[in-house]
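Q: Give me a model of this one.
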Amino acid sequence: MPSNVCAVFCTDGRGKNPTQAGRDAVTRASFGCRPMTCTSRYSVRSQAMYCSEKSLSLAYRVLQRTKGSEEHRYFMWNVETQAKLQEGPTCGLVALSLAADQAMNRRQVTSEFIKFSDDLDCVELLRQARQRGYTKEGEMFSAHQLAKLATDYYKCQADVTSFSPENPKEIVSGLLDQDMYVIPYDRDKNNEPCLMGGHQAHWAVLTGFVTPIVIESPSLFQKTLYPNLFTCISDDSKIIKENLNSFLSVDPERIFFYARHGMSRHLALWPYSILKASNENLYEVDPSRAAQNDKFILPPENELKSCLCSKLLRLSKKQ
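A: Below is the predicted model of the structure:
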């Protein structure tokens, strides 16, 4: 079974979460397999099934808290990834390694998570970043330097772009192409995006999305055992992308992106509008960190506007 998860769903119309048994039944019907027996290109174990259930359940929970979500059907696509836990301020290197593993199809996932010091790529990225004068402790305050590490170490295409009105659809299209996106944002105490002016700058990887749809191509979907829940008849991203414009309704206020980052083992799902606002408010380095300029490699005058603010790093295989 492929590691990509795709589903179309809406709430049960009563504002209640489905039962675990219901979710399990939906997942079994969606993938046409028995629980804990499916495989992916990453593992011969049940990792893909476990993550698929988690990502679907996460979407349900988030949408239940979203006002007006019961009025829409939603399409979900997520690439299952292994969590990597940072050690020290190495969030950027962890995010780069995690994204490159998927974009380059380099990694076989055999456990729920891996620590920084146990990941040979992360350790080597830190060594090279130090050698180039990008970092001292693992901190990365430049999207362009992170892109340079990606192209030199992973031999992949790494493009730094800025946010624009077309970004949501471009990101969705890129994710369907198996590209990965690394994004800086301000991290709140619960790891979600916030507005701290860059004082809590952090890095995350976008692995998938949840977005409203208008079903105009019913042949692409099939019903499951759960009311108003649909899955893709094909899990081929090329087929889905070919029909993207016919059923995708990318409303920036209602699209969500799945994310992973080095501070948690758990997959996250954040509203695009909040993530974008957080990314665009990265102005300066935390003054308490700036006072330790002998310990870290900091940007000139401690400002982040030119190196992190509104930046997005896209990783893909070289053509």
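Q: State the number of residues packed around the closest residue to S316 other than its chain neighbours.
A: Distance criterion C-beta to C-beta, 6 or more residues apart in numbering; nearest residue to S316, sequence neighbours excluded, is D179 at 4.2 Å. Bear in mind the C-beta positions are built from the backbone N, C-alpha and C, glycine included. Applying other C-beta atoms under 10 Å, we find 22 residues neighbouring D179.
Q: dump the residue contacts of D179.
A: For D179, the contacting residues are A103, R314, L315, S316, by C-beta atoms under 8 Å, 6 or more residues apart in numbering.
Q: What is the longest strand anywhere in the chain packed up against?
A: When the chain is parsed with DSSP state E, its longest strand is strand 201-213. If contacts are counted by 3 or more C-beta pairs under 8 Å, 6 or more residues apart in numbering; DSSP states H and E, strand 201-213 sits against helix 47-64, strand 73-79, helix 91-103, helix 167-176, strand 180-187, strand 256-261.
Q: Quick check: which of the ones you listed is nearest to S278?
A: For S278, the closest of the helices and strands packed on strand 201-213 is strand 180-187, at 4.1 Å, according to C-beta to C-beta.
Q: Give me the helices and strands touching the closest one, please.
A: Against strand 180-187 (3+ C-beta pairs under 8 Å, 6+ apart) you get helix 91-103, helix 143-149, helix 167-176, strand 193-194, strand 201-213, helix 272-279, strand 311-316.
Q: List the strands paired with the last one, with their directions.
A: In the sheet, strand 311-316 lines up against strand 157-162 (antiparallel), strand 180-187 (antiparallel) (DSSP bridges).
Q: thinking again about what came up before, among the helices and strands packed on strand 180-187, which is the most enclosed?
A: helix 91-103 (a mean of 28; mean count of other C-beta atoms under 10 Å).
Q: got a list of contacts for whichever helix or strand comes after that helix?
A: Sequence-wise, the next helix or strand downstream of helix 91-103 (DSSP states H and E) is strand 113-115. With contacts defined as C-beta under 8 Å, 6+ apart, strand 113-115 is touched by Q82, A83, K84, L85, E87, R265.
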